[in-house]
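Peer 1: Fold the following.
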Amino acid sequence: MSTGDTPPEPVPGRPHPALDRRRRDVARDRGRRRRRVVLGAIGAVVCVLAGYWLATGPVLTINGVTVKGYRGPDAAQLQSELAAAASHGGSLLSPPVDNMAAIAQKFPGVQTISVARAWPLGLTVTVISADPFAVVAARGERSVVVSNRGLVMGPVPRHTIRASIVLSEPIPAFGKPLPVWAMQVIGFLEVIHPHTRPRIQGLVYAQGELTGHFIKGPLLILGTLDRMADKAVAVNTVLARVSAKTFASTTYLDVTVPDRPALGTGAPPSATASTSTSG
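Peer 2: The predicted structure follows:
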């Protein structure tokens, strides 16, 4: 072996040269890993900021909203309010669907909406129309239909058969909600079985008592406005257990106490109820 191949002798008090090289290599690797981590974090932040800019910046700003499936008298107002909501609250990648739906549902003819992108930079809003839920009448006024949210939708269409409510006060204007007590009646009707609902007519609230009647059936006595959902369940239960022939032969169904509904053939138990519906 030549003298050039002889490994260097370690110097007393200092680490072996091979160990020293290994330490330097480890330090360099550690430095590279730190740089990779830092560069990766910077890259992630840049990607997030770029994505946010794309989602909210001018590149994907909503330019135009088209409304389909709605022909109500307030269609122009619906178009305007949805366009304003879209332009101020989101982008094409993240349109403000919830806010737009909440705005649309303030209109009586709208049940809900669906929102889709209209290329290149617009949105298409498709309206799912609200069906007339009930008929509302008042003395000396033309009857109207209301939605299941209790909003006045306009005159009663031909051949429309719905549950009916009779107001002692004037009928609200188009798009406006019914009085508070009538809104509670709407909630009651929503729980009633859909096949039974149109048979309930002339629901009127007088002297703190709510009454109505069934088409070709008995008087309906509901009492006060408390526990309306329970009273609706009681009506559904009675009609499910009694034959149509038996039900038609009765004179009253009293669900004033919904836990103990009473179906009878004699005089109604409440003189107030029978008086309030006699006219």
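Peer 1: I113: how many residues sit nearby?
Peer 2: Neighbour count for I113, taken as other C-beta atoms under 10 Å: 22. C-beta here means a position set from N, CA and C on the backbone, and glycine is covered the same way.
Peer 1: what do you get for A240?
Peer 2: Neighbours of A240 (other C-beta under 10 Å): 9.
Peer 1: roughly how far apart are T160 and E141?
Peer 2: Note on T160: its distance to E141, by C-beta to C-beta, to the nearest Å, is 17 Å.
Peer 1: cool, E81 as well?
Peer 2: Using C-beta to C-beta, one gets 29 Å for the distance from E81 to E141.
Peer 1: what's the answer for I221, then?
Peer 2: In terms of C-beta to C-beta, I221 sits 26 Å off from E141.
Peer 1: Neighbour count: those two, which is higher?
Peer 2: Higher neighbour count among I221 and E141: I221, with 27 against 11, using other C-beta under 10 Å.
Peer 1: Hmm, H213 and that one touching each other?
Peer 2: No: I221 is beyond contact range of H213, at 9.7 Å (criterion: C-beta atoms under 8 Å).
Peer 1: what about the closest residue to G223 other than its chain neighbours, which SS state?
Peer 2: Among residues not flanking G223 along the chain, T256 sits closest, at 3.3 Å (C-beta to C-beta, 6 or more residues apart in numbering). Of the three states, T256 takes coil under DSSP: H, G, I helix; E, B strand; the rest coil.
Peer 1: isn't T256 right up against L220?
Peer 2: No: T256 lies out of contact with L220 (C-beta under 8 Å); the separation is 10.5 Å.
Peer 1: which one of the two has more residues nearby?
Peer 2: Of the pair T256 and L220, L220 is the one with more neighbours under other C-beta under 10 Å, namely 24 against 20.
Peer 1: Any idea what that one is bridged to?
Peer 2: When bridges are taken as DSSP bridges, the partners of L220 come out as G212, L253.
Peer 1: Let the chain start at 205 from now.
Peer 2: In the new numbering, first residue 205, that becomes L424.
Peer 1: Please name the residues that touch it.
Peer 2: By C-beta atoms under 8 Å, 6 or more residues apart in numbering, the contact set of L424 is 404, 407, 415-418, 439, 456-457, 459.
Peer 1: Same question for R401.
Peer 2: R401 makes contact with 366-367, 393, according to C-beta under 8 Å, 6+ apart.
Peer 1: Test my guess that F451 contacts R445.
Peer 2: No: the criterion here is C-beta under 8 Å, and F451 misses it with R445 at 9.8 Å.
Peer 1: Following the record's annotation, map out the domains of the chain.
Peer 2: In terms of domains, the chain is parsed into 265-333, 338-481 (source: automatic domain parsing).
Peer 1: check contacts around T454.
Peer 2: Counting by C-beta under 8 Å, 6+ apart, T454 has contacts 421-422, 467-469.
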